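Novice: Just to be clear, the model below is a prediction. Sequence and coordinates:
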Amino acid sequence: MLDKNNILILCKVVDNFGDIGVVYRLARALSDLRPSVNLTLVVSNLESFHKMASAIDPKKQIQDFHYKNSVWKIIDWNLQASDFQLKTPVSQFSIILECFQCGRPDWLEKLLFSDDFTETVQILNIDYLTAEDYAEEFHLLKSGTRKANIKKRFFMPGFTEKTGGLIINDFPGASAAKAAAGLSDVPLSLHCSPRFAHSATASPHLQSLAHDPYKIFFFAYDDDCSSLVRGIADFQERMRKTKSDFSVSLYLAEGKSQAPFEKSWESAGKPFVIKKLDFMQQEDFDSFILGMDFLFVRGEDSLARAALSGLPFVWQAYKQDENYQLVKVNALIDSMKKHFSDDEFQKLKKAWQSYNDYEQPTDKKAIADFLTSSGEEKNTASFREFSERLHKNGNLASHLLSFIDGLD
């Protein structure tokens, strides 16, 4: 019989913070929903985990991590099989979450597929987030392994009700700010938009941002940003034609994009204010971006946060051969179409496609047009509707626990 209260989560870190970011977020959501569940996280890069959760000791191969009322076991992916068995019997894990097709560490592979291991184990492959049709087609699909007692299924995050949905987390101060604003029926990630940032109960991050100019958050890959900088500068100039004191403050996330963006900004004559950010703990990041007016995000975790936020945003997909990332970008664009007027949708489409076409420079006019629509709040209701739809799809962590509960 499956022990559904002990869950082993596997994470092989490839993208520094993207993979572990999603895994940490998932673990938080599972513990928030069911504090009694026993989580063990096996992670290949504890340094990256430490940046996101400072209580993690990157030098300890086996350690306890205290999260609210739960205690997780954290294990180094590179541990030897004998050490793992000594501390944690593998037989206690009937449920294994294999994130992003990461495979299994050698020691776990040997333990699961040894001749004398006869326990039933259910592996759930938590796949990459995509709006492509295959997310629905693969969701909950069975997959084979080389032993009958080791079973496997796909569990697909996604943007429709026929997928597992997105991970939805609370964050410090959210409930208080929500109650103060009288927003009992609004999803947690929508209540702290900039118009509520003056609330005395809002988080310190939001209070500090309340009196800033038009706030843009920027997090991207390490590409040339010249056209993008010019597009943002043109947006600022357009807005000043109707509001002379309009100005942009761009918050530049720590990471690969910080240096190339700053270089392009300096070459353009420093046309707007930039503020460089230090790396944030995940809960602080969640709160911080909700104080923005517009988001440039990349990868998977920040995409999901942006989509749930109700704020206007542009997503940068990871570069792939032959510009294949545009397939993923276009799939997400198409899923958003019904929420936008034809004119506003075309502006979104041109900006997103240009920003993600790595074979030619970003179209600065497309960026400026899309930003102007956002600055004039012409697409505000559309992004909010899109976000509300995602919230109605439900929390991936809740769907996952329900599915596990129903396993034989």
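Specialist: Good, I have the coordinates.

Novice: what about the closest residue to residue 393 other than its chain neighbours, distance to residue 394?
Specialist: What sits nearest to residue 393 in space, not counting adjacent residues and going by CB to CB, 6 or more residues apart in numbering, is residue 165, at 4.3 Å. C-beta here means a position set from N, CA and C on the backbone, and glycine is covered the same way. Residue 165 is 5 Å from residue 394, where distance means CB to CB, to the nearest Å.

Novice: got the phi/psi numbers for residue 67?
Specialist: Here is the backbone geometry of residue 67 (degrees, to the nearest 10): phi -130, psi 110.

Novice: list the contacts for it?
Specialist: Listed by CB atoms under 8 Å, 6 or more residues apart in numbering, the contact set of residue 67 reads 27, 28, 31.

Novice: how much space is there between it and residue 244?
Specialist: 49 Å.

Novice: One more: residue 408?
Specialist: 68 Å.

Novice: Residue 41 now?
Specialist: Taking CB to CB, one finds residue 41 at 53 Å from residue 244.

Novice: Compare the two and say which is more crowded by neighbours.
Specialist: Neighbour totals were compared for residue 41 and residue 244, and residue 41 leads with 25 against 7 (other CB atoms under 10 Å).

Novice: quick one, strands of the stretch 151-300 of the chain?
Specialist: With DSSP state E, counting those that start in this stretch as the criterion, the stretch 151-300 of the chain has strands at 214-218, 248-252, 273-276, 294-298.

Novice: per-residue pLDDT, the nearest residue to residue 306 once chain neighbours are set aside?
Specialist: Among residues not flanking residue 306 along the chain, residue 313 sits closest, at 4.0 Å (CB to CB, 6+ apart). Per-residue confidence (pLDDT) for residue 313: 98.

Novice: What are the buried residues along the helix or strand harbouring residue 47?
Specialist: Per DSSP states H and E: residue 47 is located in helix 46-52. By 16 or more other CB atoms under 10 Å, the buried positions in helix 46-52 come out as 46, 48, 49, 51, 52.

Novice: export the residues you listed to JSON lines and tack on pLDDT and distance to residue 156?
Specialist: Below are the buried residues of helix 46-52 laid out as JSON lines (pLDDT from 0 to 100; distance: CB to CB, whole Å):
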{"residue": "46", "pLDDT": "94", "distance to residue 156": "28"}
{"residue": "48", "pLDDT": "91", "distance to residue 156": "24"}
{"residue": "49", "pLDDT": "93", "distance to residue 156": "24"}
{"residue": "51", "pLDDT": "89", "distance to residue 156": "28"}
{"residue": "52", "pLDDT": "89", "distance to residue 156": "24"}
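
Novice: Format the residues you listed as TSV; extra columns: distance to residue 266.
Specialist: Shown next, in TSV, are those (distance: CB to CB, whole Å):
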residue	distance to residue 266
46	36
48	30
49	34
51	27
52	30
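
Novice: re earlier: narrow the contacts of residue 67 to those in helices?
Specialist: Using DSSP state H, the members of these that fall within helices are 27, 28, 31.

Novice: Among the buried residues of helix 46-52, which one lies nearest to residue 109?
Specialist: residue 46 (20.4 Å; CB to CB).

Novice: That closest one and residue 10, how far apart?
Specialist: 14 Å.

Novice: Where do the helices of the stretch 1-150 of the chain begin and end?
Specialist: 18-33, 46-52, 81-87, 106-112, 134-138 (DSSP state H, counting those that start in this stretch).

Novice: Span of stretch 280-293 from start to end?
Specialist: 19 Å (CA to CA, to the nearest Å).

Novice: Only the buried residues of that stretch, if you could.
Specialist: 280, 282, 283, 285, 286, 287, 288, 289, 290, 291, 292, 293.

Novice: need those residues in JSON lines with pLDDT and distance to residue 37, can you?
Specialist: Below are the buried residues of stretch 280-293 laid out as JSON lines (pLDDT from 0 to 100; distance: CB to CB, whole Å):
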{"residue": "280", "pLDDT": "90", "distance to residue 37": "26"}
{"residue": "282", "pLDDT": "90", "distance to residue 37": "19"}
{"residue": "283", "pLDDT": "88", "distance to residue 37": "20"}
{"residue": "285", "pLDDT": "92", "distance to residue 37": "24"}
{"residue": "286", "pLDDT": "91", "distance to residue 37": "21"}
{"residue": "287", "pLDDT": "91", "distance to residue 37": "25"}
{"residue": "288", "pLDDT": "94", "distance to residue 37": "28"}
{"residue": "289", "pLDDT": "94", "distance to residue 37": "28"}
{"residue": "290", "pLDDT": "93", "distance to residue 37": "28"}
{"residue": "291", "pLDDT": "93", "distance to residue 37": "32"}
{"residue": "292", "pLDDT": "96", "distance to residue 37": "33"}
{"residue": "293", "pLDDT": "97", "distance to residue 37": "38"}
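
Novice: From residue 257, how far off is residue 220?
Specialist: With CB to CB as the criterion, residue 220 and residue 257 are 4 Å apart.

Novice: Residue 292 against residue 216, yeah?
Specialist: Yes - Residue 292 is within contact range of residue 216, at 6.7 Å (criterion: CB atoms under 8 Å).

Novice: Between the two, which contacts overlap?
Specialist: Contacts common to residue 292 and residue 216, judged by CB under 8 Å, 6+ apart, are residue 251.
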